[in-house]
Every structure is written in C-alpha cells, then in structure tokens.
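> model this:
(4 chains)
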Protein chains: 2
Amino acid sequence: MPVPPGKQPTQQEIATDLGISVAAVSLALSGKPGVSDQVRATVLEKATALGYRRNASAVALRTRRSNVLGLLIRNLRNPFFLDLIDGFDEACAKAGYEVMVGSSRYDQEREQKLLDTFADRGLDGLAVAPIGRGRAVGAWAAATERPVVVLNAPRRRAGRLAMSVSPDGPAAVQLAVEHLRGLGHQRIAMVAAPAEKSPDPERLELFLDLAAEERFTASVIEAELDLNTTREAVCRALGDAPGRRPTAFITNSDYLAHAVYLAAADHGLRIPEDVSVVGHDDLPTSAILNPPLTTLRVDRHRLGAEAAGLLIDAVEGREPPSLELTIPVSLEVRGSTASA
Amino acid sequence: MPVPPGKQPTQQEIATDLGISVAAVSLALSGKPGVSDQVRATVLEKATALGYRRNASAVALRTRRSNVLGLLIRNLRNPFFLDLIDGFDEACAKAGYEVMVGSSRYDQEREQKLLDTFADRGLDGLAVAPIGRGRAVGAWAAATERPVVVLNAPRRRAGRLAMSVSPDGPAAVQLAVEHLRGLGHQRIAMVAAPAEKSPDPERLELFLDLAAEERFTASVIEAELDLNTTREAVCRALGDAPGRRPTAFITNSDYLAHAVYLAAADHGLRIPEDVSVVGHDDLPTSAILNPPLTTLRVDRHRLGAEAAGLLIDAVEGREPPSLELTIPVSLEVRGSTASA
DNA sequence: TTGTAAGCGTTATCAC
DNA sequence: GTGATAACGCTTACAA
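Numbers count the residues shown, from 1 in each chain, chains lettered A, B, ... in the order given. From the prediction side, this is the model:
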C-alpha cells in the first residue's frame, strides 16, 4: 500500500520533489499535451510512488465539472427503480461518472430542495422521475443550464438540454385493455395517481378514450402511489355490489398490482376467478406470485442505462441520438387474468 | 424565481454590493458568531434577493468536509437493498447529508476503485456491504481516517472509526434450523457464497456446527449470489436421488429463495410438498409468492437508517451509542415449509 | 517544452 | 465587530 497514513500528497509536493512546476505535473497527470514524455513518465512514477490522488473538490471548483450525475427518484420503495438505478450506475461507472441519488418521497418541497442541493454541488446532469408534470425540472434546467432527462414521463421543456426516456405508455395501455377486452371484461378500473402528482396523465386519458370507443365501463382508482393507500382505495372499489364493481384492474406497476392482490384477499375474493389484474414492469418476483402476474414487461436496466447515456452525451458535448427515447413493452400473459 | 439565468452570485458579490467584507458575509451566512445582528440580517436579505447559493465544491475544498456519505452495495439487484437505501437516504436527508451510491457487482477490483473515488471526493463517511471479509474497508479507514460502517457483516477492524450494523445472523440460522428440524427435516442445505466472497462465514459455520450437534445432514450449495448461478447450483443439488437430495433449503435472502422456487419448478418439484424453503428478509412480495415464503423478517429500512445514524454521529464527533448494532430477526412461518 | 501566476468560492487567521 | 488576506488543490492562460 503506497498510501501513507497521514495527509494526502498534492501536485505541489510532486512538483517540488521533482524540481519542476505544478503546471507540468498537472498536464502530465491529466494526460494532456504540453509536456515531454520524459517529464510525464517521471511524474507518473512519482505519483504512484507517493500514492497521489487527485482532489475531486478542487477539480470541481476549478473546472465547474464534477463528474457526478444525479438520480432523483420519487419512491425508492418500488422495486422498479432498483434495476433502473443499477443500469444507471453501470453506465455511469463505465464512463467514469459517479452517481448521487435522492428520493423525493412524493413530496414536492423535498424534490425542489434536492434539486437545489444537486445544483449547488455542481452535478453535471440529472435524471429525475418527477412528481407530477415536473415543474421543478424546468427550474433546474434553466438555473443550471445542464442536461436533464425525465424518466417515465414525456419531457416538458424544449431544447437540447431536456430529454426523456420512458416505456411505451400508449402501447402498455392498449395491450392491457385489448387483453382484458378479449377475455370479456366489461368493467375495468385503472389505478392512477391524483392528477397533480401523475407524471403521465396520458395513460389515463388514453384509457378513458378507449373506454368511450369500445364502450366498456371505465373507472379510476385514485390513490397516492404507495402500497397501503392503494390497497385501501382498491378495497373500497371492491366493496361495491358484485354486479357493479370492476372485474379487472390495470395498474401502472407490478408494485401496485401487489396492492390489488392484498385488497382482493381482504375481501375474500380470488384472483383471477373474481378479479383480474394486469401489472406493469414484470419484476423478477412477478412470475412466482400467487397467482403469477400478467404484466407488461419492460427492460428497466436499459431504461436507466439509456438515461445515463443521454446525459453523458449531452455533458460531453455530443449530440444525443434522440431527445426522446421510448423503451418497448410487451405483454406477458400469466395467471392473474381470466375471462370475466 | 430569484435565480438569474446567467451565473451564480458569490459571497464576494454580496459583500461588494453591501460594501462590507467577504469574511462578514461568510460568517453571517453560516450562522456563526462574529457579526452584528444588523449585518447578519442585511446579508441574509441580500442573499435571498440575489438567489445566492453556497458553492459546495468550494466549501468542501476549504473545510475538507463534503456533507456527503457514501453507500457501496455489492449487488444492486437484490430488493433487500432498496429499503436499506431508502432508510439510509431518509436519515441522511434529515441530517442534511447527501448520498452517493455505487455498486461493486461482486467485483473486488471495482469495489476498490469505488472506494478510491469516494475517498477522492472527500466523502465524510462510508457504509459498505462488502465483498468477502472487507479488506478494502480497512484500506479506506486507514487512508481516509473517516468512519465506515459495514453492513450485514461483523466489523473487521478495531477502533472508533469502524462500525457495523447487521441483522442477527446467529439467531437467523438458529430459528431456521429449529423450524425445519421441528418439521422433521433430516437433510438440509444452505445456500452460501464461496468463502472468499462471503461477508459472514459465521452463518455457515454455525449451520455446520448445528448439524454436528443435532445430527442432521448438512450440505452447502456454493454459488455466486446472483439469481441464475444460484438457480443452476440448486438445480444440480435437486438432481440427486430423492432419498439423497436435500429436503429443505435455507437461503440468506428472499432474493435467492426465488432461485430455489425456480429450480424446483425446473425439476417439476413442488414447494412445500417436495422441498421446503426458508428465506431471509421478508420482502414485500414474499407473502404473496406461490406458495408464500417462510422467512426471517428484518427491518431493512431501520438497518439503513441506523447505519447512517452511526456515521453521522461519528462524523460530527459524537460518541455513537454502540460500535456494533444488531437488528433483531423474527421467523415468519408461511407456506413454503412443511413436514419432510 | 517549461515555469509563473492568476484565479475558482469559500473559510479561517489575523490584525485593527 | 470588522476587514484584509492567506490558504485549500487544482487548471489554464500567458510568458519565458
């Protein structure tokens, strides 16, 4: 271990040790032209011998680049975000960036506060799964003039700096509805966040449009998107008379589909005999639930990785391949859906 | 929005605007004594008027404190870590710290590299779920002289700077074995990481000790701790003749218990009729698996929060309540275990 | 190619 | 209480 216990060596130290200037050392260490191979070699050697490590704060202060990307999630308890974080982290690691995460916990104020601290820290870019339509995001982009990618929601602001990557929402709704209609369901409910907190009201709109077109009865279960509140809301819906309550539920995540399982159990109703459920995400556990969950599969890892990719391209001045990336979804039919 | 689009205002700007010194501004803004209430008030007012935001890099450079804590996970795909991250993040947020995460992906080299960059960034403390017995952790503590808490593994190094928080491992093993023995199982297998990658060989040792004491046949399924490798390893074990293969499996996570479910299905074996499984963690999904998983419940959120708490205490010079925190576990008996 | 020096924005140590 | 002023460690003109 070359690292001495005490304080860290600086470029200054290397320079005086070698009898050269700090400028030379800086150039040599950062691999930039301007020094002889001779000097470069000795500097590099000395640096490793001394266990030199570049002070990231100093670099950030001087260059206004932190080599850190932010990831702001609204609900860290939804396993959906795990693979997303993993993909994001992996892509960042490959490109030499660090990741700073935060969870807004569905709290607007907290979201804004996190955005601010992220900006203070000089993060080079931000990926955010916003609460609602993401007003905060605009503020960030404007204030920092740094790239931002919105996750799971269409991008709001125009410009090169605002991007988005999301699963194909319209396809998801359509596939779910088609599937349930094919099974003969007439009363279908969609679980959705209250309008002001929903990142993509488009899904709900499309759902209602389809109901009008295809003449089935659509209902909306409005709930904060955590397990307990949703469970209660679904419970209330299932409390209706058998001839009136929904026979099928569509959720925007497998995570919330769990709430339907729990609510059904609360009422002594069986899935899929009494209620059908379609999820979204295809979590690793969804195939081994009781019953296995019919859901829309989406590559979460890729979603995170693409988000990081877009940011890194933008940060490094490359033209991102597209400002709006859509990740395909596919229907995975399992045991949680049956004929009405 | 007070923030002007262009560049950020600095303390210097506030100072000249007000015709006072930067020192006064600094003191006023950081709430330290040394300025009159008069001056303090005007500074604060001016600051908000200008939309002043403190530059975190500059502070970090000057004070050698970043107000960031690191969280280094070995496998971000295990949902266990989600709630842990959430708890960690929440505790940090409350105390005004940011969180930087990284995943080592079970790669020693990557772990070391992340540790290094974390150190370079001047993180104030580190929580790490290490690969193996955590050699890297010692290097970090020694090099940075900053606190570290090991997650899910006993702490290795002595000293005020090395701490640990983990579920009660011995209790977990004992409860699982007792339960299975009570059901009459004679051949029990434990799924464990290869010795050099295992953070807590103690569990395995205790398991083997119990086998010797209680005279049951113990086998060890050694596998890298990802879903596929584990599934294959369990598959091989289940390939033995019915009279020889294990009738019950103990895993150190519900995540890996899923692999047993999948492997059993591969062999056309039923849980719990043909094989019993005991998990560990009690993930939100575990109760609604098919069949519901018998498991050891542990408060993951608290685990993360306690880890952050210990670090923050240490960073801020308070004496942590204990250097080694054990989180209790309790057996949750469900449908995945039955008599042999 | 090399060295000198001026910052980046903040905190801390002095004098006054 | 207040104001100069010197760091913190690094990058980057610019001069030699």
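> what does stretch A:161-169 contact?
Contact with stretch A:161-169 is made by A:137-138, A:141, A:145-156, A:200, A:202-203, A:206, A:280, A:296, A:298, A:303, A:306-307, A:310-311, A:314, A:320, A:323-329, as judged by CB atoms under 8 Å, 6 or more residues apart in numbering or on different chains. (Glycine included, C-beta is placed from N, CA and C.)
> Could you pick out the buried ones from those?
Neighbour counting over the contacts of stretch A:161-169 (16 or more other CB atoms under 10 Å in any protein chain shown) leaves A:137, A:141, A:146-156, A:200, A:203, A:206, A:280, A:296, A:298, A:303, A:306-307, A:310-311, A:314, A:320, A:323, A:325-326, A:329 as the buried ones.
> and those residues, which of them are in strands?
Under the assignment DSSP state E, those contribute A:Val148, A:Val149, A:Val150, A:Leu151, A:Leu296, A:Leu325, A:Thr326 to strands.
> Pick the one among these closest to B:Ile14.
Proximity of these to B:Ile14 (CB to CB) peaks at A:Val148, which lies at 28.3 Å.
> surely that closest one meets A:Val128?
Yes: between A:Val148 and A:Val128 there is a contact under CB atoms under 8 Å: 6.6 Å.
> so what's in contact with the two at the same time?
Here A:Val148 and A:Val128 share the contacting residues A:Val137, scored by CB under 8 Å, 6+ apart.
> Chain neighbours aside, what residue packs nearest to the residue in the stretch 101-250 of chain A positioned nearest to DNA strand C?
In the stretch 101-250 of chain A, the residue that lies nearest DNA strand C is A:Asp120 (8.6 Å; CB to the nearest atom of the strand). Closest residue to A:Asp120 apart from its sequence neighbours, by CB to CB, 6 or more residues apart in numbering or on different chains: B:Ala56 at 4.7 Å.
> what do you get for A:Ser219?
Once flanking residues are discounted, A:Ser219 sits nearest to A:Ala189: 4.5 Å by CB to CB, 6+ apart.
> Could you list the residues of the stretch 1-150 of chain A in contact with DNA strand D?
Residues of the stretch 1-150 of chain A lying close to DNA strand D (CB under 7 Å from any atom of the strand) are A:7-8, A:10-12, A:22-23, A:26-27, A:29-30, A:32, A:54-55, A:58-59, A:61-63.
> need the contact list for A:Ala141.
By CB under 8 Å, 6+ apart, the contact list for A:Ala141 reads A:Pro147, A:Val148, A:Arg157, A:Gly159, A:Leu161, A:Ala162.
> State the pair within those residues that is farthest apart.
Of all pairs drawn from these, the greatest distance, 11.4 Å, lies between A:Pro147 and A:Arg157 (CB to CB).
> Poorly predicted segments of chain A, please.
Along chain A, the parts satisfying pLDDT under 70 run over A:1-6.
> what about 50?
Where chain A drops to pLDDT under 50, the residues are A:1-5.
> now the strands for it?
A:68-73, A:98-103, A:125-128, A:148-151, A:162-167, A:187-192, A:217-222, A:248-250, A:276-278, A:295-297, A:324-327, A:330-332.
> what does the stretch 201-340 of chain A put close to chain B?
A:Leu227, A:His258, A:Tyr261, A:Leu262, A:Leu283, A:Pro284, A:Thr285, A:Ile288, A:Leu289, A:Asn290, A:Pro291, A:Pro292 (CB under 8 Å from any CB of the partner chain).
> Let's see that with 6 Å instead.
By CB under 6 Å from any CB of the partner chain, the residues of the stretch 201-340 of chain A that approach chain B are A:Tyr261, A:Thr285, A:Ile288, A:Leu289, A:Asn290.
> The fourth one contacts B:Ser286, correct?
No: the pair formed by A:Leu289 and B:Ser286 falls short of the contact definition of CB atoms under 6 Å, at 10.2 Å.
> Report the contact partners of the nearest residue to A:Lys46 once chain neighbours are set aside.
Distances taken as CB to CB, 6+ apart put A:Ile14 closest to A:Lys46, at 5.3 Å, once the chain neighbours are dropped. Applying CB atoms under 6 Å, 6 or more residues apart in numbering or on different chains, we find A:Ile14 in contact with A:Val25, A:Lys46, A:Ala47.
> tell me which of these is nearest to DNA strand D?
Taking CB to the nearest atom of the strand as the measure, A:Val25 is the one of the contacts of A:Ile14 closest to DNA strand D, at 7.0 Å.
> Give me the neighbour count for the closest one.
A:Val25: 27 surrounding residues under other CB atoms under 10 Å in any protein chain shown.
> And it, how far from DNA strand C?
8 Å (CB to the nearest atom of the strand, to the nearest Å).
> if we can go back for a sec, JSON lines for the residues of the stretch 201-340 of chain A next to chain B, including distance to DNA strand C?
Output for these, formatted as JSON lines (distance: CB to the nearest atom of the strand, whole Å):
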{"residue": "A:Tyr261", "distance to DNA strand C": "51"}
{"residue": "A:Thr285", "distance to DNA strand C": "47"}
{"residue": "A:Ile288", "distance to DNA strand C": "52"}
{"residue": "A:Leu289", "distance to DNA strand C": "51"}
{"residue": "A:Asn290", "distance to DNA strand C": "56"}
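> Which of those residues fall within helices?
Among these, the ones falling in helices (DSSP state H) are A:Tyr261.
> which of the residues of the stretch 201-340 of chain A next to chain B sit farthest apart?
Greatest spacing in these, by CB to CB: A:Tyr261 and A:Ile288 (12.9 Å).
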